[in-house]
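A predicted structure for the sequence below; I have some questions about it.
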Amino acid sequence: MKKAFLIIAILSVGFATAQNIRGQQNENRKEMRQKMMAMSAEQMADLKTKKLALALDLDSKQQQEVKKIQTQIIQNHKNMVKDKKDRADLTTEQIYKMKSDRLDAKIKTKQEMKRILNEEQYQTWVKMSRKRHIARKSTAKQHINRS
């Protein structure tokens, strides 16, 4: 009986500690996300371009063109985040237009990247984009399941 009680007590402390650590990690992520959003679009685009340069072995001309695209994408994203508060009052026509515009921007980005990158780099970029998309979906599902 004492052993069972001791085991239960140890497990309880272990679970409580694990929950506390997870909560701290979530707070750290939120803080980091806020700091990242406080950066300018140019700074964020510069970092993203450097990551892509490392992954895709971009030359300087490609880096300049990719940076322009990334700056535009990030600026659009920041504007979208600012407008997020107003989304509750949107009509179906406004929602359709917003989603259509977002898809048009993705198509344009894909076309621009295809123009800038060579075939091998483009294929690598597409694979990277798919992996990011899958990772986001999985993270979103985990977040929904926790709620």
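All right, it came through fine.

CA atoms for contacts and neighbours, from now on please.
Fine.

need the next SSE after the helix or strand of the chain with the lowest mean pLDDT, C-terminal direction.
When each helix and strand of the chain is scored by mean pLDDT, DSSP states H and E, helix 2-38 comes last, with a mean of 72. Per DSSP states H and E, the first helix or strand lying C-terminal to helix 2-38 is helix 41-56.

Mean confidence (pLDDT) on that following helix, please.
In this model, helix 41-56 has a mean pLDDT of 92.

got the contact list for whichever helix or strand comes after that helix?
Using DSSP H and E, the helix or strand that follows helix 41-56 in sequence is helix 60-83. Outside helix 60-83, the residues that touch it by Cα atoms under 8 Å, 6 or more residues apart in numbering are 37, 41-42, 44-46, 48-50, 53, 109, 113, 116-117.

Now list the buried members of those residues.
The neighbour-count test (16 or more other Cα atoms under 10 Å) applied to the contacts of helix 60-83 identifies 41-42, 44-46, 48-50, 53, 109, 113, 116-117 as buried.
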